[in-house]
Structures are given as C-alpha cells and as structure tokens.
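*Asks:* take this sequence and fold it.
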Amino acid sequence: NAYRYIGSEETEFMASPTSSYRSLVVWNESNSKKRPFIAEVSLDKNVIGGIDRLVSENEVERSVANQKVFDRLGKANLEGMNVKIFPESAGLLFKRPMGGAPKKLGGQLIREIPEEVLKDEMKWLSFSALMSPNRKPPLIMKVISQSGLSSFDFFEKYMIKGYLEMFENLSLKNGVNFEPHSQNLVFETTNDFKPTGK
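*Replies:* From the prediction side, this is the model:
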C-alpha cells in the first residue's frame, strides 16, 4: 500500500539511467518545453557485501548543504577554480512510516542540468564514459587526440596537475568535501571533444 508501479501509459515522464544507475535523466514526454533533470533515486536492493543503494538522510542533508556552499561561492568563483556542477536543487525524505514500505526507506535528490549542456554547447563526460572499455577505442583516446598533446602530457596537464589544483582550491582552501569517483566526476570538452580544463 506504500506505492505501486506506474506504467508509461499513466505518466508524462520518461527516464534513462546515466553511468550511475541510480541517477536517471528524466524528461516530460508530453511537454518538450519542460526542462529535463536528473533524479538520484533510491533502489531497494543490496549489492556487494550487503551495501544498500538507498539515498540516506545524511546524503540528502549533505547534498543540500553542499549546494548552499556552492551558491555562496558563486558561479564565477567556481569557474575560476575550473569547477562546474549540476546544481542539486531539491532533496526528498520520508519522515513518517508508511504501511507496506520497506523497513529502510531512502530519499531522492533532484539535480538540474546546466543550460550549456542542455543546449549542447559543451559536453560533460563522466569518467565512466571516458574510460569505458565497451567503446573501442575508449572515448578518452578521442579527447587526447583532440587536445593535441601526447598521452603523457595530457594526463599530466589535465588529470594530475589540473585535478590537484582544482581539489586544492575547492577542498583545502574552501572546505568543500566532495566524493569524486568515476560516476560523479565529469570532464568538460567542447562539442568536438577538445578539453576545456574544467
């Protein structure tokens, strides 16, 4: 009685997973003027070693608090540190128990997709997509080629020095604690895959 499956014939929304299977790109099928967004959802399943895939109360609170820090820093300040983000504009938690619900009930986060990505002015490529062995050759090879650098110089410039400079400015100087991993860290390129350094 807590929730029921809603089929595609009952909703105007459609969704597709990103490189993180809990992060869904969601769009309104019946109104193309509505902006698509990303919903990070809870999955009522345990994975490796019994780790659940729920968006915890702590994760929702931390995400909303981090967004307030990003708002205070401001877009220009962030770009000066070579940082761009998908703003997390909403978090949802169920505080009251619901009949029929699982014992542990997770939350949800809503992320906005920046205008420049929606308008296809820039590409934001997750490290999962960049390094995926499912594409032959991996997409990172195209990005390295478009940079005009050798593989060694590319990794030194963007993946080591550029990343550590960004991390120092964002985390050590501004106190923002984030969790970079292959699904939530993205690399910006132009439409022809030239790296921007962000």
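
*Asks:* who's in contact with stretch 79-96?
*Replies:* Stretch 79-96 is contacted from outside by 38, 57, 60-61, 63-64, 66-67, 70, 78, 101, 105, 107-114, 124, 162, 165-166, 169-170, 174, 188, 197-198, using Cβ atoms under 8 Å, 6 or more residues apart in numbering. All C-beta spots, glycine's among them, are computed from the backbone N, C-alpha and C.

*Asks:* can you say which of the residues you listed are buried?
*Replies:* 38, 60, 63, 67, 70, 78, 105, 107-114, 124, 162, 166, 169-170, 174, 188, 198 (16 or more other Cβ atoms under 10 Å).

*Asks:* list the beta-bridge partners for Met122.
*Replies:* Judged by DSSP bridges, the bridge partners of Met122 are Thr190.

*Asks:* surely it is in contact with Thr189?
*Replies:* Yes: Met122 is within contact range of Thr189, at 7.1 Å (criterion: Cβ atoms under 8 Å).

*Asks:* more crowded one of the two?
*Replies:* Between Met122 and Thr189, counting by other Cβ atoms under 10 Å, Thr189 is the more crowded of the two (22 against 17).

*Asks:* quick revisit: which residues are common contacts for Met122 and Thr189?
*Replies:* Here Met122 and Thr189 have Thr196 as joint contacts, going by Cβ under 8 Å, 6+ apart.

*Asks:* low-confidence bits of the chain, can you list those?
*Replies:* Along the chain, the parts satisfying pLDDT under 70 run over 1-5, 48-49, 97-101.

*Asks:* switch the cut-off to 50
*Replies:* Within the chain, no stretch has pLDDT under 50.

*Asks:* quick one: the strands in it?
*Replies:* Ranges of strands within the chain are 13-17, 23-28, 37-40, 43-47, 51-53, 88-92, 108-112, 122-126, 186-190, based on DSSP state E.

*Asks:* so which of those strands is nearest Pro137?
*Replies:* Across the strands of the chain, Pro137 has its closest neighbour in strand 122-126 (14.6 Å, Cβ to Cβ).

*Asks:* mind exporting the closest one as CSV, just the C-alpha atoms?
*Replies:* Provided in CSV are the C-alpha atoms of strand 122-126 (Å, rounded to 0.1, in the frame of the first residue of the first chain):
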residue,chain,number,x,y,z
MET,A,122,29.6,21.7,-24.1
LYS,A,123,29.9,18.0,-23.4
TRP,A,124,30.2,16.8,-19.8
LEU,A,125,31.6,13.3,-19.9
SER,A,126,31.7,11.1,-16.8
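
*Asks:* could you list every helix and strand in contact with the biggest helix by length in the chain?
*Replies:* The single longest helix within the chain, with elements called by DSSP state H, is helix 57-73. The contact analysis (3 or more Cβ pairs under 8 Å, 6 or more residues apart in numbering; DSSP states H and E) places helix 57-73 against strand 88-92, strand 108-112.
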